[in-house]
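1. sequence unknown, structure follows:
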């Protein structure tokens, strides 16, 4: 795989990570639906993986890359701060401007009666998944296999509970098992789009490296704060959700150090 270009690595890595959504949704095909507490713990795990990846795989490398280019001091710190805030702001803006609907908290963004409810759900999941693919692509674009592999594995792991959560929610909306699994599987395919964009920007424009890393981190942090953690605490399983977050955080940290 070392012979592959960063662009191809970004595509393949984010594709595999996105396909894990389908794997996570598979239990619904066999009539197995985990308890809400277990699902909340699993989503907490996903939040922990993303939180750890944001800092150890993206923000710290962003600062290191900025220091290599500009030297230590206020500039690397400023780039990290601005990049993170920009990533959060862009995803927040998209979240505000695109009509979409969550399975539990309802509709967000402008009203659009012409869109069927399922498309509103899919738009919401796309807003959620795109930053994950972007982060994987940025990782491969920045440091090749060693930079992207921990992110691809981590995002793939956290896509397992997310795929299950989407499929279970669709079952609750009245969709059949195969239909629910198919939609959940397809939602992961937005990640390769983000992966290619992230890898391309970083690969072809080296000065954007620290900015791109920090931006991807900010985009994921917004999703963690706005979507995942509130969802895990909605049903009163905070302890299980926090346990899942802790496990996901340290596992991603371990993977990042081990595979780097």
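-> Great, that's in hand. A quick note: this is a predicted structure, and the numbers were derived from the prediction, not measured.

2. residue contacts, residue 207?
-> residue 69 (C-beta atoms under 8 Å, 6 or more residues apart in numbering). (Glycine included, C-beta is placed from N, CA and C.)

3. I misspoke; the intended subject was residue 193.
-> 130, 133.

4. Listing request: residues of the stretch 101-250 of the chain with sub-threshold pLDDT.
-> For the stretch 101-250 of the chain, the stretches flagged by pLDDT under 70 are 101-122.

5. Now with 90, please.
-> Low-confidence segments of the stretch 101-250 of the chain (pLDDT under 90): 101-155, 157-177, 179-180, 183-190, 194-195, 197-209, 212-213, 216, 219-220, 223-238.

6. quick one: the helices in it?
-> 117-172, 177-187, 191-204, 209-223, 229-232, 238-259 (DSSP state H, counting those that start in this stretch).

7. how about these, which one is nearest residue 71?
-> Among those, the nearest to residue 71 by C-beta to C-beta is helix 209-223 (12.7 Å).

8. what distance separates the start and the end of stretch 66-81?
-> Stretch 66-81 has its terminal residues 12 Å apart, counting by C-alpha to C-alpha, to the nearest Å.

9. just how off-centre is stretch 242-257 within its chain?
-> Distance of stretch 242-257 from its chain centroid, counting by C-alpha atoms, centre = their mean, to the nearest Å, is 15 Å.

10. nearest to residue 69, of the helices of the stretch 101-250 of the chain?
-> So among the helices of the stretch 101-250 of the chain, helix 209-223 is nearest, using C-beta to C-beta, at 7.2 Å.

11. which of the helices of the stretch 101-250 of the chain is buried the deepest?
-> helix 209-223 (a mean of 27; mean count of other C-beta atoms under 10 Å).

12. who does that one touch, helix- and strand-wise?
-> Packing contacts for helix 209-223, counted by 3 or more C-beta pairs under 8 Å, 6 or more residues apart in numbering; DSSP states H and E, involve helix 36-52, helix 60-70, helix 74-97, helix 117-172, helix 191-204.

13. Residue 237: which of the ones you listed is closest?
-> helix 36-52 (4.1 Å).

14. contacts for that closest one?
-> So helix 36-52 is contacted by 34, 132, 154-155, 157-162, 164-165, 168, 220-221, 223-224, 228-229, 231-233, 235, 237, 240-253, 256 (C-beta under 8 Å, 6+ apart).

15. how about it: buried residues?
-> 39-52 (16 or more other C-beta atoms under 10 Å).
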